[in-house]
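> sequence and predicted model, in that order:
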Amino acid sequence: MNIHSAVTAVENDPVLNIAIFGAFVAVTLFIVIRASRNNKTAADYYAAGRSFSGPQNGFAIAGDYLSAASFLGICGAIAVNGYDGFLYSIGFLVAWLVALLLVAEMMRNTGKFTMADVLSFRLKQRPVRMAAAITTLVVCFFYLLAQMAGAGGLVSLLLGIDSHIGQSIVIAVVGVLMIVYVLIGGMKGTTWVQIVKAVLLIAGAIAMTIWVLALNGFNLNTLLESAVAEAPAGDKILGPGLQYGANPVDFLSLGMALVLGTAGLPHVLMRFYTVPTAKEARRSVVWAIWLIGIFYLLTLVLGYGAGALVGPENILAAPGGVNSAAPLLAQALGGPILMGFISAVAFATILAVVAGLTITAAASFAHDIYANVIKRGKKGDGAADPNGEVKVARRTVIVIGIVAIVGGIGAQGQNIAFLVALAFAVAASANLPTILYSLFWKRFNTRGAVWSMYGGLIAAIALIVISPVFSGSEKSMIPGIDIAIFPLNNPGIISIPLGFFLGWLGTVTSKAAEDRRLAAEMEVRSLTGFGAEKAVEH
C-alpha cells in the first residue's frame, strides 16, 4: 500500500463526504423534531420527562462520555505516542468506574435537574447554587472548546480545507447546528442523538478493529511490529515514557485529573436524571460500563493500526494533525466511502456531545442562577415560573453557542484529548470535593462548599494560565508570549488536593450550623431514592 496516498487522497471526494454528512444531519434533525413534540414542562426540557429506560440511557451515557477526544484524540495520541497515548484510554475508563461507584446513583436520587440541586440541598441555596453554576459553566466551556476544535480539524480534513478562515466557517456551522438541536429538542432530542451516535460509533470502531486485525492475521504482535516499523521513535512506542518520560510528575497530574474528573463532570451526571427510578439508573450504569469498556479496548488496535497503516508523520502533517488519525485509518482501509462514514460518525460524536454540554450549561444558568439566585425561587418550592425558566434556558443556548464558536475558532490545532484533560482537571478540583463532602460528610457546611468550589476553580485556571500549555512554546495556545512559570501541563496534582483542603478548612472555621432535618432528608433520599420522583413535581 502506498502510505502517502492516505493523505493525498483525503481531498478525493468532498462531494461524497458532504452527502454523508447531510444525510446524518437530516436524520438526526428528524429525530430531534419528533422527540420535541412532548416538551411541555421544565422536567421534559431538562430531564426528558424521565422517560428513558436503563438500556436506552446506558447508550446515551456512552454517547455522552465517548466524545471526540475518545475517538479522534486518543486514536491520534496512540498512533503518535504509543503506550503513553493509551494512558488516556485507561484514565477515562477507570474514571468512569470511580464516578459510578461513588456518586452517580446518589446524585440521581437527591437531585432534580442539575448538579447544584444536590450541592445546595442542605446548604444555603444562593451562594452554593451560584458557585456550582459558575463551575459548571467553566467545565462546559473547556469541554466545548475541545469538541469545536475537533469539528474544525475533522471537516477541514474531509473537505481539504487548509485555510484558517475555512476551518473557522466549519466551526461556525457546527455551532449553529448545535444551537438548532438544543433549541428544538431539549434533553429528549439530544438523548436520542446520543443513542444513535453511540450505536454508530461503536459499530464503526468494531468494524475497523476487525479489519485492522484481519490485515495482520488477527495477530496483535504483527500489528505492533508494523507500527514500530513506521514510527520514528521505533520500539519506544511500545513502552512508557515517550510523551511523559521527561516529567513523570506531569503524567501523575494528568492521571489524577482523568480518574477523578469524571465524577465532577456536570453533563455526565445530568444524564442520570433522565431515568424514572433508581433501579433503571443502575441498569443504565451496567450498559454504559460494557459499552465504554469495549470501546476503549478498541482504541488500542485503532491507534496502533493508524500508526502502522498511515504513519505518525503523515498523521501530524494532515489538516487537523493528531485528531486526523481515525479518519485517515478509515481512508487507508476502505477508501473514501469508509472514511466518509467514520468521519460522519465522528462529526455526529461532536454534535451530540456539544448538544449535551450546551443543555447542561443552559440548565445550570436558567435553573440555578436565574430561577434560584436572581428570582430567589419565589414560585413554589425552589423554582421560578417553569415556562419562564425554559425560555431563559433557550436564550442561554444561543449565547453559549456563540461563545463556543468563538472559543473553538481560537482553539484550532490543539489536541482535543489534551483540552478535555484540562476540563477534567477543573471538574475534579472545583466540583468533586464538594460533591463528595455533600454526600458523605454530615458536618459539611456552606462556607466549605463555597471555598472548595471557588478555590479549586481559581487554582486550576490560574495554574493552566501560567503553564507551558498556555504560553512559552510553539505548541502553546498563545505561542507569542511566555508567562510559563508552572512546569506541569496539567494542574490536577496541586488544584485537586487544594479543593479538598479548602472544603475542609471552610467547614471547620465556620460556626454556622446547617439544618439537621435537611441533612437527614438528603441522606435518606440519596441512599434509597425515596422522594426523588416527588422532586420532579416541585
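In hand now; what should we look at?
> nearest residue to residue 311 in space, please, no chain neighbours.
For residue 311, the nearest residue in space outside its immediate sequence neighbours is residue 230; the separation is 4.6 Å by Cβ to Cβ, 6 or more residues apart in numbering. (Glycine included, C-beta is placed from N, CA and C.)
> for that neighbour, report the pLDDT, please.
According to the predicted model, the pLDDT of residue 230 comes to 86.
> my read is that it contacts residue 304, right?
No. Applying Cβ atoms under 8 Å as the test, residue 230 and residue 304 come out as separate, 9.8 Å apart.
> more neighbours: which of those two?
Neighbour tally, residue 230 and residue 304, criterion other Cβ atoms under 10 Å: the higher count belongs to residue 304, 29 against 20.
> helix or strand next in line after the worst-scoring helix or strand of the chain on mean pLDDT, which one?
Taking mean pLDDT, DSSP states H and E as the measure, the helices and strands of the chain show their lowest mean at helix 5-8, namely a mean of 42. Stepping forward along the backbone from helix 5-8, the first helix or strand reached (DSSP states H and E) is helix 14-35.
> count residues in the vicinity of residue 509, would you?
11.
> shift numbering so it begins at 745
In the new numbering, first residue 745, that becomes residue 1253.
> for it, give me its contacts.
For residue 1253, the contacting residues are residue 1191, by Cβ atoms under 8 Å, 6 or more residues apart in numbering.
> repeat that for residue 1015.
Applying Cβ under 8 Å, 6+ apart, one finds that residue 1015 lies in contact with 801, 804-805, 808, 1028, 1100.
> which of those sit farthest apart?
Pairwise distances across the contacts of residue 1015 peak at 14.9 Å for 1028 and 1100 (criterion: Cβ to Cβ).
> I'd say residue 933 and residue 780 touch.
Yes. Contact between residue 933 and residue 780 holds when scored by Cβ under 8 Å: they sit 5.4 Å apart.
> look at these two and report which has more neighbours.
residue 933 (27 against 18).
> now the more buried one. Nearest residue, chain neighbours left out?
Nearest-residue entry for residue 933: residue 776, 3.7 Å, with adjacent residues in sequence omitted and distances by Cβ to Cβ, 6+ apart.
> pull the number of nearby residues for the one you found.
The criterion is other Cβ under 10 Å. On that basis, residue 776 has 22 neighbouring residues.
> try residue 772
The number of residues packed near residue 772 is 23, by other Cβ under 10 Å.
> same check, this time on residue 1023
Counted by other Cβ under 10 Å, the residues lying close to residue 1023 total 12.
> same thing with residue 1053?
The tally of other residues near residue 1053 (other Cβ under 10 Å) stands at 24.
> host element of the closest residue to it other than its chain neighbours?
When the adjacent residues along the chain are set aside, residue 1053 lies closest to residue 1076, with 4.3 Å between them (Cβ to Cβ, 6+ apart). According to DSSP H and E, residue 1076 maps onto helix 1069-1107.
> next one: that helix to chain centre, how far?
Between the mean C-alpha point of helix 1069-1107 and the mean C-alpha point of its chain there is a distance of 14 Å (Cα atoms, centre = their mean, to the nearest Å).
> for stretch 765-781, same thing?
22 Å.
> list the contacts of residue 854.
Counting by Cβ under 8 Å, 6+ apart, residue 854 makes contact with 861-862, 865, 1183, 1266, 1269-1270, 1276.
> name the nearest of the residues you listed relative to residue 990.
Closest to residue 990 out of those is residue 1183 (38.7 Å), distances taken as Cβ to Cβ.
> who are the packing partners of the helix or strand containing that closest one?
For residue 1183, the enclosing helix or strand under DSSP H and E is helix 1176-1184. For helix 1176-1184, the helices and strands in contact under the criterion 3 or more Cβ pairs under 8 Å, 6 or more residues apart in numbering; DSSP states H and E are helix 849-854, helix 859-863, helix 1190-1209, helix 1236-1252.
> now that helix and helix 1236-1252, what's the angle there?
Between the axes of helix 1176-1184 and helix 1236-1252, defined by axes from the mean of the first three to the mean of the last three Cα atoms, to 10 degrees, the angle is 40 degrees.
> elements contacting whichever helix in the chain runs longest?
Using DSSP state H, we find that the single longest helix of the chain is helix 908-959. Counting contacts by 3+ Cβ pairs under 8 Å, 6+ apart, helix 908-959 packs against helix 758-779, helix 786-791, helix 798-809, helix 869-903, helix 964-974, helix 1022-1053, helix 1069-1107, helix 1130-1154.
> lowest average pLDDT across the ones you listed?
Sorting these by mean pLDDT places helix 786-791 lowest, at a mean of 65.
> coming back round to it: and the longest helix of the chain, how far from the chain's centre?
Offset of helix 908-959 from its chain centre (Cα atoms, centre = their mean): 13 Å.
> hmm, back to that, separation between the residue nearest to residue 933 and residue 1113?
Residue 776 sits 26 Å away from residue 1113, taking Cβ to Cβ, to the nearest Å as the criterion.
> coming back round to it: and the angle from the helix holding residue 1183 to helix 869-903?
Relative orientation of helix 1176-1184 with respect to helix 869-903: 130 degrees, computed using the same axes, to 10 degrees.
> any idea of the angle helix 1176-1184 forms with helix 1190-1209?
Between the direction of helix 1176-1184 and that of helix 1190-1209, the angle (the same axes, to 10 degrees) works out to 160 degrees.
> next, the buried residues of helix 1176-1184.
Neighbour-count burial for helix 1176-1184, with 16 or more other Cβ atoms under 10 Å as criterion, is recorded at 1176-1183.
> can you check stretch 1044-1057 too?
Judged by neighbour count using 16+ other Cβ under 10 Å, the buried positions of stretch 1044-1057 are 1044-1056.
> just put those residues in JSON lines and tack on distance to residue 958.
Listed next are the buried residues of stretch 1044-1057 as JSON lines, based on distance: Cβ to Cβ, whole Å:
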{"residue": "1044", "distance to residue 958": "16"}
{"residue": "1045", "distance to residue 958": "11"}
{"residue": "1046", "distance to residue 958": "14"}
{"residue": "1047", "distance to residue 958": "17"}
{"residue": "1048", "distance to residue 958": "15"}
{"residue": "1049", "distance to residue 958": "11"}
{"residue": "1050", "distance to residue 958": "16"}
{"residue": "1051", "distance to residue 958": "17"}
{"residue": "1052", "distance to residue 958": "13"}
{"residue": "1053", "distance to residue 958": "12"}
{"residue": "1054", "distance to residue 958": "17"}
{"residue": "1055", "distance to residue 958": "20"}
{"residue": "1056", "distance to residue 958": "23"}
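> please identify which pair of those residues lies farthest apart.
Of all pairs drawn from those, the greatest distance, 17.9 Å, lies between 1044 and 1055 (Cβ to Cβ).
> ok, residue 1251 - how many residues close by?
For residue 1251, the neighbour count with other Cβ under 10 Å is 21.
> count of residues packed around the residue nearest to it when sequence neighbours are not counted?
Taking Cβ to Cβ, 6+ apart as the measure, residue 1251 lies nearest to residue 1192, with 3.4 Å between them; neighbours along the chain are not counted. The tally of other residues near residue 1192 (other Cβ under 10 Å) stands at 27.
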